[in-house]
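In: give me a 3D structure for the following:
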Amino acid sequence: MAHYKLILAYDGTNYNGFQRQAIKTSVQATFEGALQRLGWQGRAIMPSGRTDSGVHARGQVISFNLDWNHPDKDLQNALNAFLPADIAVQSVAQVAAEFHPRYDALSRQYCYQLYWQSARDPLRDRYAWRLERKPELARMQAAAKDLLGEHDFIAFGKALKEGGTTIRRIYSADWVEEDDGMSFTIVGNAFLYHMVRRIAYVLVRIGLGDLPVETVRLGLERGSTGIVSLAPARGLTLEAVTFDEDK
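Out: I've put the predicted structure just below:
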């Protein structure tokens with residue numbers, strides 16, 4: 001019996017989040033269904049985190065035990081043969097039995113995409129938030145700098161479990177303009193429930209001139225911004241999760 005670490009990519013449009021649910025379709029249940037066809041009899045796979053309904057991933061990390069007497073590449077090919085077109089295993093590796101994708105992760109990287117034009121673009125709308133007008137990059141970047149470092153982010157999200165800490169550390173938070181669009185990349189040790197989407201929403205409102213640049217700083221200081229809205233899930237992608245390779 002070996003312990004496997006997989007990198008999983010998926011289009012979250014047709015899924016009600018990563019976590020398995022009793023009735024609704026989830027990425028976890030769909031993947032576990034493919035794994036069961038290979039003889040897996042475990043109770044649940046272990047993910048690096050749970051993405052929201054409609055959120056995508058390019059670098060979700062999962063692990064599980066499996067009795068598989070073939071090369072790792074064959075496991076990747078076999079799983080992809082049983083998975084739907086919107087979920088795919090990117091890589092497979094055997095790791096130590098004690099490896100845990102969530103607790104061993106050093107950082108997570110998310111990317112949020114947006115663009116601006118008056119008419120809907122059905123192809124871009126699947127992976128980006130459409131705005132009616134262009135936000136001001138300098139204002140958004142200035143506000144994003146206030147996110148850096150260790151803070152109590154209760155103003156931007158909820159703990160993943162009752163009584164859990166809301167303190168997180170952000171290593172980088174940067175907006176980049178790309179023709180008629182922008183991307184926001186944020187890297188942190190971990191994120192609260194809805195944290196990235198709430199941050200993205202507030203920063204975009206700042207860029208549009210609807211909120212002052214100080215909104216992020218004051219929200220962190222006061223524990224609230226007074227804003228509960230979220231950026232649309234479709235613009236968000238979990239890009240990568242990093243680990244101590246020596247471990």
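In: which SS class is residue 112?
Out: Following DSSP: H, G, I helix; E, B strand; the rest coil, residue 112 is assigned to strand.
In: and the gap between the closest residue to residue 19 other than its chain neighbours and residue 84?
Out: Spatial nearest neighbour of residue 19, excluding adjacent residues (C-beta to C-beta, 6 or more residues apart in numbering): residue 50 at 4.6 Å. Any C-beta I mention is one placed from the backbone N, CA and C, and that applies to glycine too. For residue 50, the distance to residue 84 equals 19 Å [C-beta to C-beta, to the nearest Å].
In: and the two? Which one has more around it.
Out: Taking other C-beta atoms under 10 Å, residue 50 and residue 84 do not tie; residue 50 has more neighbours (18 against 14).
In: doesn't the more buried one lie inside a strand?
Out: No: the assignment for residue 50, made by three-state DSSP, is coil rather than a strand.
In: just checking, what packs against the longest helix seen in the chain?
Out: For the chain, the helix with the greatest residue count under DSSP state H is helix 195-207. Helix 195-207 sits against strand 105-116, strand 129-131, helix 137-144, strand 167-178, strand 181-188, helix 215-222, strand 236-243, with contacts defined as 3 or more C-beta pairs under 8 Å, 6 or more residues apart in numbering; DSSP states H and E.
In: could you tell me which ranges of this structure sit under the pLDDT cut-off?
Out: 246-247 (pLDDT under 70).
In: got the domain boundaries for it?
Out: As assigned by automatic domain parsing, the chain contains the domains 2-95, 106-243.
In: the longest one: end-to-end distance?
Out: With C-alpha to C-alpha, to the nearest Å applied, domain 106-243 spans 5 Å between its terminal residues.
In: still on that earlier bit, out of the helices and strands packed on helix 195-207, the one nearest residue 97 is which?
Out: strand 236-243 (15.2 Å; C-beta to C-beta).
In: packing partners of that closest one?
Out: Short answer (3+ C-beta pairs under 8 Å, 6+ apart): strand 236-243 packs on strand 56-66, strand 105-116, helix 195-207.
In: tell me who's in contact with residue 57.
Out: When contacts are counted by C-beta atoms under 8 Å, 6 or more residues apart in numbering, residue 57 touches 8, 9, 10, 12, 18, 27, 51, 237, 238.
In: hmm, I typed the wrong one, I wanted residue 184.
Out: Residue 184 touches 111, 112, 113, 114, 140, 144, 173, 174, 175, 176, 200, 203, counting by C-beta under 8 Å, 6+ apart.
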